[in-house]
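> Curious how this folds, go ahead:
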Amino acid sequence: MAVAAKDKSYLAGQLLVAMPGMMDPRFTKTVIYMCAHNADGAMGLVVNKLIESLSFPDLLAQLGIESVGIGDQIKIHFGGPVESSRGFVLHSPDYRRDATLIVDEQMALTATVDILKAIAIGSGPRRSLLALGYAGWGPGQLDDEIKANGWLHVAADDDLVFGAGNVDDKWERAMAKLGIDPRMLSDSAGHA
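The predicted model follows:
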């Protein structure tokens, strides 16, 4: 399946990094992988906030899905405040089904129960991140938030998206990837 050339002014396949002055507490110090961004709006998944109250084995049990016991290491992320009971799996593009959205050469998104079944029996994608809910923006809304100094963006990489290390330090690592010390940033936009 060929990936269509994307407009460079849009951020699909990039990471959004919340500025220190982010006013919305749901997005304080978040890193969001952008699955879609175009003239119609934007959609992404928060990759650095976990839902501690639900485990993958518990989710599988709720859905009646059998597992081979590999689910203990899989964490469930808070993907965003929109449709918070709906599951999304951001993953490597080695797993593809009709319902899979190919974001770019490195990432794909699937939001069906079939991918959970595949992961549960060890036949899912090589790398994956499971999230409940997503972050969404209407037409032009994200662009306005970026202009208002709410977000920075940086190229995505496997470690920042899927890294098994400390989820809590992904925001600092994303800022460092930009070459920014967050303590040196102002939370208000400058105007000439």
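> where along the protein do the strands fall?
14-18, 31-38, 41-46, 76-78, 82-91, 101-102, 108-110, 128-137, 151-155 (DSSP state E).
> Identify the residues contacting stretch 168-185?
With C-beta atoms under 8 Å, 6 or more residues apart in numbering as the test, stretch 168-185 has contacts from 15, 17-21, 29-31, 47-48, 152, 154-155, 157, 159-160, 163. Yep, even glycine has a C-beta here, placed from its N, CA and C like the rest.
> now stretch 37-46
7, 10-12, 16, 27, 30-36, 77-80, 88, 90, 109, 129, 131, 134-139, 141-142.
> repeat that for 7 Å
Stretch 37-46 is contacted by residues 10-12, 16, 30, 32-36, 77-80, 88, 90, 131, 134-139, 141-142 when judged by C-beta atoms under 7 Å, 6 or more residues apart in numbering.
> Just the buried ones among those, please.
If you count burial by 16 or more other C-beta atoms under 10 Å, the buried members of the contacts of stretch 37-46 come out as 10-12, 16, 30, 32-36, 77-80, 88, 90, 131, 134-137, 142.
> and the residue positioned nearest the centre of the chain, what are its bridge partners?
The residue lying closest to the centre of the chain (C-alpha atoms, centre = their mean) is Leu45, at 2.8 Å. Leu45 has these beta-bridge partners by DSSP bridges: Tyr33.
> where does it land on pLDDT?
Confidence at Leu45, expressed as pLDDT, is 98.
> now do Thr100
Confidence for Thr100, expressed as pLDDT, is 95.
> The closest residue to it other than its chain neighbours: neighbouring residues, count only.
Here the nearest residue to Thr100 in space, its sequence neighbours aside, is Thr110; by C-beta to C-beta, 6 or more residues apart in numbering that works out to 4.6 Å. By other C-beta atoms under 10 Å, the residues close to Thr110 number 24.
> Could you measure from Thr110 over to Ile74?
Counting by C-beta to C-beta, to the nearest Å, the gap from Thr110 to Ile74 is 15 Å.
> Surely Val113 touches Leu63?
Yes: here Val113 reaches Leu63: they are 6.4 Å apart, a contact under C-beta atoms under 7 Å.
> circling back: in ChimeraX, how would I select the buried members of the contacts of stretch 168-185?
Selection of buried members from the contacts of stretch 168-185 for ChimeraX, criterion 16+ other C-beta under 10 Å:
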select :15,17,18,19,20,29,30,31,47,48,152,154,160,163
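> Good, wrapping up.
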